[in-house]
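> Just the structure for this:
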Amino acid sequence: MTVEIHTYLFIVLCFSLVINLYLVLKLLRVRQQLALINDVLADMKAGNLNRRVLVHENDMTKQICYDINRIAAESQARLIQQKQAEQSYKRLMTSLSHDVKTPLASLVGYLEAVENGLVVGKEREAYIRIAAEKAQRLKEFVISLFEWVKLDAREQVFHFELADLHELSRSIVADWVPVLENNGLEYEIVIPETVCMIRVDSAAYVRILNNLLQNIISHSGAAKIKLSVTEETEWVSIALSDNGRGILPEELPYIFERMYQCDHSRSAEGTGLGLSIAKELVNGHNGRIRVTSTPDIETTFTVLLPKVL
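Residues are numbered from 1 along each chain as shown. Below you'll find the predicted structure:
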């Protein structure tokens, strides 16, 4: 009996030692992990967001480590986005500086020539007319720029109301018919006579179509355009095609970027913001906009607006 008790006590003692050893090792591991976490947090505080806490699946601190690694990764991603945004805005400011200073210098030159009496008679009248045109284009550029800044900063307020998109499209096109005819453009309009009620910001939709039509007139060199509106199951598709010079394949991915102009359109009058603004307005409707182009054959801009927002 005594031997059995001693054996039992020995087993209990060994088991206790094993448990205590296990707990000591666990505590040592936790202590190491806490020291590592402290080092990583210190590095993160110093700006090094590349550090991560190495963790094993059975570590007691694994959830804390996972959370720290996630926070570090998210912070690093935000920092990268911030740096990219800063670089993007630097490029934008450089571009804006050129796009404002060049026409402004030209405008000042014409006005100084008039003011100093360097031109007289009909030439003076021509200089004044040209200066007025340049001032108007500069005004339009500034207005477009402010509109784009509001959209980019998500400060644009959309006012969605139920509207008949077919009727709204016809109304917009009717205002453009004299412009198209004055520019010698043939046109084909395909808009069903049915009612197509969707929630839309009418002013934004007018701006979208205006920008797309103006882009064709200013840059495509087209002789004919076609606008069609098609009601689908979940979307309303608005397609605007032309037979102009088109867009090169390498330029298609950038066509909706702000200030981007194709090589053939750089000498044409424009802000480089029209398509970018159109895209942001379409995005505000949870819609999509895309472009396909076969140079010198056909270019098509397609806007898809959801029937249910």
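> contacting residues for Gly184?
Taking C-beta atoms under 8 Å, 6 or more residues apart in numbering as the contact definition, Gly184 lies against Ala223. The way it works is simple: take the backbone N, C-alpha and C, and place the C-beta from them, glycine included.
> Wait, a helix at it?
No - secondary structure assignment (DSSP: H, G, I helix; E, B strand; the rest coil) places Gly184 in coil, not in a helix.
> do you know how far it is from Leu49?
Distance of Gly184 to Leu49, computed by C-beta to C-beta, to the nearest Å: 59 Å.
> likewise Asn210?
Counting by C-beta to C-beta, the gap between Asn210 and Leu49 amounts to 44 Å.
> Please apply the same query to Ala126.
If you measure Ala126 against Leu49 using C-beta to C-beta, the figure is 61 Å.
> Same check on Ile68?
Taking C-beta to C-beta as the criterion, Ile68 is separated from Leu49 by 11 Å.
> Kindly report the same for Ser276.
With the distance defined as C-beta to C-beta, Ser276 ends up 31 Å from Leu49.
> Comparing those two, which residue is more hemmed in?
Applying other C-beta atoms under 10 Å to Ser276 and Leu49 shows that Ser276 carries more neighbours, namely 22 against 18.
> gap between the more buried one and Arg31?
With the distance defined as C-beta to C-beta, Ser276 ends up 55 Å from Arg31.
> By mean pLDDT, point me to the weakest helix or strand of this protein.
Using mean pLDDT, DSSP states H and E, helix 2-45 stands out as the lowest-scoring helix or strand of the chain, at a mean of 71.
> I'd like the average pLDDT over stretch 166-179.
Per-residue confidence for stretch 166-179 averages out to 93 on the pLDDT scale.
> Just the element for the residue lying closest to Ile238 once chain neighbours are set aside, please.
In space, Ile238 comes closest to Val303 once its chain neighbours are excluded; the distance is 4.4 Å by C-beta to C-beta, 6 or more residues apart in numbering. When elements are defined using DSSP states H and E, Val303 is found to belong to strand 298-306.
> Which strands border that strand, and is each parallel or antiparallel?
Strand pairing for strand 298-306, using DSSP bridges, gives strand 235-242 (antiparallel), strand 288-294 (antiparallel).
> so of those strands, which one's packed in deepest?
strand 235-242 (a mean of 20; mean count of other C-beta atoms under 10 Å).
> What's the first helix or strand after that one?
Using DSSP H and E, the helix or strand that directly follows strand 235-242 along the chain is helix 274-284.
> and the angle for that next one with strand 235-242?
Taking axes from the mean of the first three to the mean of the last three C-alpha atoms, to 10 degrees, one finds helix 274-284 and strand 235-242 inclined to each other by 170 degrees.
> And helix 274-284, what does it pack against?
Helices and strands in packing contact with helix 274-284 are listed as helix 121-152, helix 202-215, strand 288-294, strand 298-306; criterion 3 or more C-beta pairs under 8 Å, 6 or more residues apart in numbering; DSSP states H and E.
> How about residues contacting the last one?
What that stands for is strand 298-306. Around strand 298-306, the neighbours that count as contacts under C-beta under 8 Å, 6+ apart are 165, 198, 200, 205, 208, 212, 215, 220, 234-244, 246-247, 278, 282, 285-293.
> residue ranges with poor pLDDT in the stretch 101-250 of the chain?
Across the stretch 101-250 of the chain, the stretches falling below the confidence threshold (pLDDT under 70) are 153.
> Can you tell me the SS state at Leu227?
Quick answer, by three-state DSSP: Leu227 is strand.
> quick revisit: tilt between the strand holding Val303 and helix 202-215?
In terms of direction (the same axes, to 10 degrees), strand 298-306 departs from helix 202-215 by 170 degrees.
> How far away from the center of its chain is the longest helix along the chain?
Ranked by residue count, the top helix of the chain under DSSP state H comes out as helix 62-115. For helix 62-115, the separation from the chain centroid amounts to 13 Å (computed by C-alpha atoms, centre = their mean, to the nearest Å).
> Also stretch 106-123?
42 Å.
> Which residues outside it are in contact with it?
Outside of stretch 106-123, the residues within contact range by C-beta under 8 Å, 6+ apart are Arg124, Ala126, Tyr127, Ile128, Ile130, Ala131, Lys134, Ala135, Leu138.
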